[in-house]
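Engineer: Return atomic coordinates for the entry below.
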Amino acid sequence: MSNLIDECLDESCAVKSYSITDYESELPRWCKGCGDHGVLASLQRVMRKNNTNPENVVSVSGIGCSSRLPHYLNTYGFHGIHGRALPIATGVRLARPEMKVIVTMGDGDCFSIGGNHWLHAIRYNINALVLVLDNEVYALTKMQVSPTTPGQWRTNTTPRGNYLQPMNPVSVVMGMTNVSFVAQTATWLPTHLDETIERAWDHKGLSFVRILQRCPVFMPKAFGDGGANFPIVFLENENGIPVNPLLLKRGPAQPHNHRNINDAQRIAATVDPAPMGLIYHNPDVATYEEIRDNRRNCPTHEIFLKRLDETMDRYAV
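Structural biologist: Residues are numbered from 1 along each chain as shown. Next comes the predicted model:
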């Protein structure tokens, strides 16, 4: 036993304990009061709780206010182009399956210009944590209408009011094949936000989390003045997202079977009150990486080296 203890005192056996500062990068430049600050802090707290090595994480984003998150998270990062975060993340997963992949997008970035990629990423069920920060407006480009902007809302592109009723992205996701994890939370519920991201972090497959947040500059009255008067209901299940009793001041709780897809689709279609918590969870859905690996004939290391030598010999002088 003493020999084992002596061996484990060696630095190679030590497990580093990470702190919040290990996940901090440059100072965030979001506006004061922006919900993006809360999501970044929550993500850092979850990573600290899991004692995640920052070098084992890749953060991928598109374009928008929320898409600046990779700059402020001390991990590997990829700031992509508008609407293309999910195909980039898919490439990362296939090339480096040992890495944890985090995707952050806004409502316009994901549901509008990235809509085609969004739906097919759900169908592919890659192993990634997908956070959509929905403030119901294009904020970075100064108040353009987005797919989730409320009807009749005046924006710079709809000065007479939005013509269309807003999209319900949670309901859309629940209509896709191979959906495996869907949850909804809000930045004005920090404890619930932490619990939701942590549960999504542990899921094997695509964890889709819609996070409601107000934009203090262009949409300060969204979600009932930032959640103050916004009707919500907490989904309660012993295996779901915990509902702290203090949260019941914000809204009631109701039982929900998140393993039943029909119940989940019915809940997902509800917008008033907005459901908060784990809407659907099916850990048995195979990930795209698993399906892909099972279909290809992977050579052994020895066969791979033999083929590589044969290929190189063809070009040797």
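Engineer: Check Arg96 and give its pLDDT.
Structural biologist: Here, the pLDDT recorded for Arg96 equals 91.
Engineer: now swap in the one 3 residues further on and tell me
Structural biologist: Model confidence at Met99, expressed as pLDDT, equals 94.
Engineer: so how many other residues sit close to the residue nearest to Asp36 when sequence neighbours are not counted?
Structural biologist: The shortest distance from Asp36 to any non-neighbouring residue, by Cβ to Cβ, 6 or more residues apart in numbering, is to Trp30 (4.7 Å). Placement of C-beta: from N, CA and C, glycine included. Residues lying near Trp30 (other Cβ atoms under 10 Å) number 18.
Engineer: Next: Arg84.
Structural biologist: Neighbour tally, Arg84, other Cβ under 10 Å: 18.
Engineer: Just want the phi and psi numbers for it.
Structural biologist: When quoted as degrees, to the nearest 10, the phi and psi of Arg84 stand at phi -110, psi 20.
Engineer: wait, what's in contact with the closest residue to it other than its chain neighbours?
Structural biologist: Nearest residue to Arg84, sequence neighbours excluded (Cβ to Cβ, 6+ apart): Gly62, at 6.0 Å. By Cβ atoms under 8 Å, 6 or more residues apart in numbering, the contact list for Gly62 reads 80-85, 105-106, 109-110, 114.
Engineer: repeat that for 6 Å
Structural biologist: Contact partners of Gly62, counting by Cβ atoms under 6 Å, 6 or more residues apart in numbering, are 80, 82-83, 85, 105, 109.
Engineer: what's the spacing between it and Arg96?
Structural biologist: Separation of Gly62 from Arg96 (Cβ to Cβ, to the nearest Å): 20 Å.
Engineer: Repeat that for Ser19.
Structural biologist: 25 Å.
Engineer: next one: Ser66
Structural biologist: From Ser66 to Arg96 the distance is 23 Å (Cβ to Cβ).
Engineer: Mind checking which of the two has more residues around it?
Structural biologist: Taking neighbours as other Cβ under 10 Å, Ser66 and Arg96 compare with Ser66 leading, 29 against 13.
Engineer: How about that one: what's its closest non-neighbour residue?
Structural biologist: Leaving aside its sequence neighbours, Ser66 sits nearest to Leu133 (Cβ to Cβ, 6+ apart; 3.9 Å).
Engineer: That neighbour against Val209, yeah?
Structural biologist: No: with contact defined as Cβ atoms under 6 Å, Leu133 does not count as touching Val209 (9.6 Å).
Engineer: These two - which one has more neighbours?
Structural biologist: Legend: neighbour count by other Cβ under 10 Å for Leu133 and Val209, higher for Leu133 (28 against 23).
Engineer: Just the pLDDT at that one, thanks.
Structural biologist: At Leu133, pLDDT is 96.
Engineer: does Ser42 sit in a helix or strand, and which one?
Structural biologist: Taking DSSP states H and E as the definition, one finds Ser42 inside helix 36-49.
Engineer: Buried residues, that helix. List them.
Structural biologist: Residues 36-48 are the ones in helix 36-49 that count as buried (16 or more other Cβ atoms under 10 Å).
Engineer: Which pair of the residues you listed spans the longest distance?
Structural biologist: Greatest spacing in these, by Cβ to Cβ: Asp36 and Arg48 (18.7 Å).
Engineer: for Ile211, helix, strand, or coil?
Structural biologist: Ile211 falls in the strand class when you classify it by DSSP: H, G, I helix; E, B strand; the rest coil.
Engineer: What separation do you get for it and Glu289?
Structural biologist: 25 Å.
Engineer: what about those two, which has more around it?
Structural biologist: A side-by-side neighbour count of Ile211 and Glu289, using other Cβ under 10 Å, places Ile211 first with 25 against 18.
Engineer: Tell me the one of the buried residues of helix 36-49 nearest Val285?
Structural biologist: Using Cβ to Cβ, Val46 is the member of the buried residues of helix 36-49 that lies nearest Val285, at 22.6 Å.
Engineer: Test my guess that the closest one contacts Ile197.
Structural biologist: Yes: between Val46 and Ile197 there is a contact under Cβ under 6 Å: 5.0 Å.
Engineer: which stretches of the stretch 201-317 of the chain form strands?
Structural biologist: With DSSP state E, counting those that start in this stretch, the ranges of strands along the stretch 201-317 of the chain come out as 206-212, 232-236, 253-255, 274-281.
Engineer: got these as CSV, with distance to Ile303 columns?
Structural biologist: CSV is the format used below for those (distance: least, Cβ to Cβ, whole Å):
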stretch, distance to Ile303
strand 206-212, 33
strand 232-236, 50
strand 253-255, 54
strand 274-281, 40
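Engineer: so which of these gets nearest His192?
Structural biologist: Set against His192 and scored by Cβ to Cβ, the strands of the stretch 201-317 of the chain come closest in strand 274-281, at 6.4 Å.
Engineer: ok, the closest one: who's next to it in the sheet?
Structural biologist: strand 181-186 (antiparallel), strand 232-236 (parallel) (DSSP bridges).
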